[in-house]
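Enquirer: Please work out how this folds:
(4 chains)
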Protein chains: 2
Amino acid sequence: MELDDTDREILRILQEDARTPFSEVARRIDMSSATVHDRVNRMQEAGVIEGYHAKVDPREVGFGISAIVGLRVEQGREQDTLDRLSAVEGVQEIHLTTGEWDVMARVYAEDADALRELMFEEVAQMDGFARSQTMVVLGTEHETEELPV
Amino acid sequence: MELDDTDREILRILQEDARTPFSEVARRIDMSSATVHDRVNRMQEAGVIEGYHAKVDPREVGFGISAIVGLRVEQGREQDTLDRLSAVEGVQEIHLTTGEWDVMARVYAEDADALRELMFEEVAQMDGFARSQTMVVLGTEHETEELPV
DNA sequence: GCCGTCACCGACGAATCGACGGAGCGATTC
DNA sequence: GAATCGCTCCGTCGATTCGTCGGTGACGGC
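Expert: Residues are numbered from 1 along each chain as shown, chains lettered A, B, ... in the order given. Predicted structure coming up:
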C-alpha cells in the first residue's frame, strides 16, 4: 500500500497516542474527521496499522526483572523448539537471527529467582535446546514504540 | 499501586485493543462505564498505564530489515555514548545488560545497505564506541505487546 | 463531452466521553 | 450504637465523538 504524507502524519499521531479522537487528529492535520476515518480504515485493512495497545509498566504488574536471551537450538527441529518456547509464560519476543545465536528472546520474570527457574526449569529443559546465554537487563535507556514514519 | 482482579481485567482488554470503548470494557467486566473510567484514570495517574500506541507494520513503512546489536562501550563514558546512540534514527530500544555486551540495541533500517551504513557510519563512529556484533533478524516467531497480567 | 475513479467533506442519529454527586458499606472512633 | 471516614461503584447529563452515507469537485481516459 502506498502511503502519502497525510497517512504518515496520521500514523505519527496514533503511534504516539492511539486514543486520540479522530476529530482531534483531523484538527491537527487540517482535514475532516470523515477523511481521517476513511484513511485509518484503509490502513487497518491493508495491515499498515496492526492494532492498538495499552503500554503497561512491567514493574507495576510484578515483573521486576527482564533479560535478553541468546539460544542455540538443535538443527532440524527448530520449529518444534520455537513453538514450545512461544508457549512459555514470560517470553515476550522470539527472533530468529544470524550470528552467534540462532534465536534471541526477550523474557520477563518476577524476580531473579523466577528468572532462574524460567531459564533452568523451562527453557533449558526443552527438547531441541542446545545452550543459551542470558543477558539480564539492568536498565532501559531508551525505548519507543514509534517508528520514524 | 495495588491492582485487583478488576484492574487486571481492564488491563488485559486495553493491552489487546487500546481503542475499545470504555462502555464496551464495562459490559465485558460487568460494571458501569463510570467505574471503568475511574479505574483507568487511576492507573494512568499511577503510571501503571504508560500510554496507548498504534502498532505499525515496519515493512509497510519502509523498514525492510531489523537487527539486534550487542555493543561494548568505553568505561567512564557510558552515558555520553548512550545519549548519542539514542539520537540515531532507527534505534528503537537500548538496554544496559550484564554478560557479553554492555548494551543491547534493536535497530530498524530500510534494507541491508542502510543497515550497514547505520552501523558503520553512525554507530561505529560514535565517541566511546568499542566494538559491536550485529545479529540480523531473519524473522520474528512470536512478538506480543501484552504482558500476562 | 461523458464517464469512472478518487479524495474529501457535510451532515446526522447513535453512541461515547468525562465529570459530578451521591448511594452503599465496612472499619474506626467516640 | 451513632457518627464519621474512606472506598468503590453507579446514575445522570451535556458535550463530544463515532461511524456512515450521499454528494461534490478534480482528474484522466476515451
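Enquirer: C-alpha only now, for contacts and for neighbours.
Expert: OK.
Enquirer: Which strands and helices lie in contact with the lowest-mean-pLDDT helix or strand in chain A?
Expert: Every helix and strand in chain A was compared by mean pLDDT, DSSP states H and E; the lowest is helix A:78-87, with a mean of 91. When contacts are defined as 3 or more Cα pairs under 8 Å, 6 or more residues apart in numbering or on different chains; DSSP states H and E, helix A:78-87 packs onto strand B:129-143.
Enquirer: can you rerun that using 10 Å?
Expert: Contacts defined by 3 or more Cα pairs under 10 Å, 6 or more residues apart in numbering or on different chains; DSSP states H and E place helix A:78-87 against strand A:65-73, strand A:91-97, strand A:103-109, strand A:129-143, strand B:129-143.
Enquirer: Pull out the buried positions in it.
Expert: A:78, A:81-82, A:85-86 (16 or more other Cα atoms under 10 Å in any protein chain shown).
Enquirer: Rebuild these as TSV, extending it with distance to DNA strand C.
Expert: Converted to TSV, the buried residues of helix A:78-87 look like this (distance: Cα to the nearest atom of the strand, whole Å):
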residue	distance to DNA strand C
A:78	43
A:81	41
A:82	38
A:85	36
A:86	32
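Enquirer: which pair in the residues you listed spans the largest distance?
Expert: Pairwise distances among the buried residues of helix A:78-87 were taken by Cα to Cα; the largest, 12.2 Å, belongs to A:78 and A:86.
Enquirer: which residue sits closest to the residue positioned nearest the centre of chain A, ignoring its sequence neighbours?
Expert: Nearest residue to the geometric centre of chain A (Cα atoms, centre = their mean): residue A:93, 6.1 Å. Distances taken as Cα to Cα, 6 or more residues apart in numbering or on different chains put residue B:143 closest to residue A:93, at 4.3 Å, once the chain neighbours are dropped.
Enquirer: which residues touch the one you found?
Expert: Neighbouring residues of residue B:143 by Cα atoms under 10 Å, 6 or more residues apart in numbering or on different chains: A:86, A:91-95, A:105-106.
Enquirer: Just give me the neighbour total for residue A:112.
Expert: Per other Cα atoms under 10 Å in any protein chain shown, the neighbour tally for residue A:112 reads 13.
Enquirer: Quick one: residues contacting residue A:39.
Expert: A:3, A:6-7, A:10, A:33, A:45.
Enquirer: 8 Å - rerun?
Expert: Contacts for residue A:39 (Cα atoms under 8 Å, 6 or more residues apart in numbering or on different chains) come out as residue A:7.
Enquirer: does any bit of the helix or strand containing it sit next to DNA strand D?
Expert: Assigned by DSSP states H and E, residue A:39 falls within helix A:33-45. Yes - for helix A:33-45 and DNA strand D, the contact criterion (Cα under 7 Å from any atom of the strand) is met by A:33-34, A:37-38.
Enquirer: beta partners of the residue nearest to residue A:139 when sequence neighbours are not counted?
Expert: Distances taken as Cα to Cα, 6+ apart place residue B:96 nearest to residue A:139, at 5.3 Å, with adjacent residues excluded. Counting by DSSP bridges, residue B:96 forms beta bridges with residue A:139, residue B:103.
Enquirer: Next one: residue B:96 relative to residue A:125, how far apart?
Expert: Remark: distance between residue B:96 and residue A:125 (Cα to Cα, to the nearest Å) = 28 Å.
Enquirer: ditto for residue A:68
Expert: Counting by Cα to Cα, the gap from residue A:68 to residue A:125 is 18 Å.
Enquirer: Compare those two and say which is more crowded by neighbours.
Expert: residue A:68 (21 against 12).
Enquirer: Let me know the pLDDT of that one.
Expert: If you check residue A:68, the pLDDT there is 98.
Enquirer: if we can go back for a sec, ok now the least confident helix or strand of chain A, how far from the chain's centre?
Expert: Centroid separation for helix A:78-87 versus its chain: 17 Å, with Cα atoms, centre = their mean, to the nearest Å.
Enquirer: Same question for stretch A:56-74.
Expert: 12 Å.
Enquirer: still on that earlier bit, make CSV from the helices and strands packed on helix A:78-87 and add distance to DNA strand C to it.
Expert: Conversion of those to CSV gives the following (distance: least, Cα to the nearest atom of the strand, whole Å):
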stretch, distance to DNA strand C
strand A:65-73, 32
strand A:91-97, 28
strand A:103-109, 30
strand A:129-143, 26
strand B:129-143, 27
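Enquirer: Can you tell me which of those strands is most buried?
Expert: Highest mean neighbour count of the helices and strands packed on helix A:78-87: strand A:103-109, a mean of 23 (counted as mean count of other Cα atoms under 10 Å in any protein chain shown).
Enquirer: then that strand to CSV, C-alphas only?
Expert: Taking C-alpha atoms only, strand A:103-109 is exported to CSV below (Å, rounded to 0.1, in the frame of the first residue of the first chain):
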residue,chain,number,x,y,z
VAL,A,103,17.4,-17.3,18.4
MET,A,104,17.1,-14.1,20.5
ALA,A,105,14.3,-13.9,23.0
ARG,A,106,13.1,-11.3,25.4
VAL,A,107,11.8,-12.6,28.7
TYR,A,108,10.2,-11.1,31.8
ALA,A,109,10.0,-12.6,35.2
